[in-house]
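Trainee: what follows is a predicted protein model with its sequence.
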Amino acid sequence: MENKKPNKVKQVLVAIGTFIRDFLFKTRFLWRRIGFALITLLLATIFGFFLIKMMLGDPVTMFAKRLSDERRIPMDEAYRLATMLLNYDPNATVWQQFGRYVSGLVKGDFGTSMYRNDVTVTVIIKNFLPWTLFISSLALLLSFLIGILMGGRMAYKRKGFFNAGANSFIVVSGAVPDYLWGMILIFIFGVTLRWFPIQGNYDILLELKGWPFITNVLYHAFLPIIAFSIVQIGGWALAMRGSALGVLGEDYIYAAKARGLGERTIVSRYLRKNSLLPLITSLAMSFAVLFGGSPLMETIFNYPGFGSEFSKAIGTRDYFLIQGLMVFMSFVMILANLIADSLYSIIDPRIRRDNT
């Protein structure tokens, strides 16, 4: 009995070791992607830190002068307060500054605005990012859905009226930037027909709860969402068309046709499903890019979003707000890319095999 216990323990340890080895082997593609993401994250952090170093003048002194004038305090006291609020001391060594900067990022502190009454970047992100995410995510999903349906149809039916019309739409929609589409929609549906509001995110006199508020938000967001969507549909349609044309040459498509399957079954079960795989990474990355919103579009509609705030920060030379927003955007894009690669490798195991 005493000899059996060590054998059982040994078997358990061997089983655990085998499981860990197999797990690491099967997920080595993901671990490489995580390592690459961490390196990119480090580079983005370093760039964000040296962004302030590259700025002309001393932003801390500029901020301290404003604090001294507004609060009527001595310049020395205002300077100490500025270094504390901005989490940046120009008199410290580079390593001390970088350590303080990184420790702030770890705590979720992306800095403080110089011209927003000491409001932190985190508060600005919380207040304005949801509105940008709302219109940009709906626009992205709408354009993606329309684009893949259009692109799949264009690939399977390469001749006819639909293909010609779709190509014309893609050329026109891609030639006009989103902010010009916004101005066109405002003129037609806002000024001329007066069907939709042309500015704001909701009626300020409305109670902020219930279905009336939700419908009012959607009502105000309709034109920005359509303007965002129009310029993206063509890109998704062309990407889907190119991917679908490659899939049409696969053996399983010919086999499905030989079995007598209908056009709708072939398109939905074989063509569209397999053509979507390459678009997954692009969808995730597009979502990350849309976190930044469209400064011109949000300005045209007077929509309180992330992009308009970033544009205001550049206009007022709010260095620390620019730094915080840029670093936050970098983090989001790196994370979105990592998630997209992980999902892609799960959906299509060939990606893992090709990268081993």
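Mentor: Great, that's in hand.

Trainee: and Leu30, how close does it get to Ala44?
Mentor: With distances taken as C-beta to C-beta, to the nearest Å, Leu30 is found 21 Å from Ala44. C-beta: built from backbone N, CA, C; applies to glycine.

Trainee: what pLDDT is listed against Tyr270?
Mentor: As predicted, Tyr270 sits at a pLDDT of 66.

Trainee: just Arg353 next, same as before
Mentor: If you check Arg353, the pLDDT there is 50.

Trainee: and if you look at Phe25?
Mentor: The model's pLDDT for Phe25 equals 57.

Trainee: residue numbering should commence at 541 henceforth.
Mentor: Okay, residue one is now 541; in that scheme the one you just asked about reads as Phe565.

Trainee: how about Pro737, secondary structure?
Mentor: Secondary structure, DSSP: H, G, I helix; E, B strand; the rest coil: Pro737 is coil.

Trainee: check the one 4 residues further on too.
Mentor: With three-state DSSP as the basis, the three-state label of Asn741 is coil.

Trainee: what about Phe868, distance to Phe576?
Mentor: Distance of Phe868 to Phe576, given as C-beta to C-beta: 20 Å.

Trainee: the two: who's more crowded?
Mentor: Applying other C-beta atoms under 10 Å to Phe868 and Phe576 shows that Phe868 carries more neighbours, namely 23 against 14.

Trainee: on the three-state scheme, that one is what?
Mentor: When classified by three-state DSSP, Phe868 comes out as helix.

Trainee: same question for the one 4 residues further on.
Mentor: The three-state label for Val872, taken from three-state DSSP, comes out as helix.

Trainee: which pLDDT value belongs to it?
Mentor: What the model reports as pLDDT for Val872 is 80.

Trainee: what about it, neighbour count?
Mentor: 16.

Trainee: quick check: it vs Leu673, distance?
Mentor: Going from Val872 to Leu673 by C-beta to C-beta gives 10 Å.

Trainee: how distant is stretch 652-672 from the center of its chain?
Mentor: Centroid separation between stretch 652-672 and its chain, computed with C-alpha atoms, centre = their mean, to the nearest Å, is 18 Å.

Trainee: outside of that stretch, which residues touch it?
Mentor: Stretch 652-672 is contacted by residues 599, 602-603, 606, 625-627, 648-651, 741, 830-833, 838, 843-849, 853, 856, 858-861, 864-865, 868 when judged by C-beta atoms under 8 Å, 6 or more residues apart in numbering.

Trainee: hmm, try it at 6 Å
Mentor: Stretch 652-672 has contacts (C-beta atoms under 6 Å, 6 or more residues apart in numbering) with 603, 625-626, 650-651, 741, 833, 844-846, 849, 856, 858, 860-861, 864.

Trainee: in terms of distance to Leu778, which of those residues ranks first?
Mentor: Nearest to Leu778, judged by C-beta to C-beta, of these is Gly833 at 23.9 Å.

Trainee: show the pLDDT at the closest one.
Mentor: pLDDT, Gly833: 59.

Trainee: kindly report the same for His760.
Mentor: If you check His760, the pLDDT there is 87.

Trainee: kindly report the same for Ala828.
Mentor: pLDDT for Ala828: 64.

Trainee: ditto for Ala555
Mentor: You'll see Ala555 listed with a pLDDT of 68.

Trainee: and for Gly687?
Mentor: 89.

Trainee: am I right that it is in a strand?
Mentor: No: counting by three-state DSSP, Gly687 falls outside a strand, being helix.
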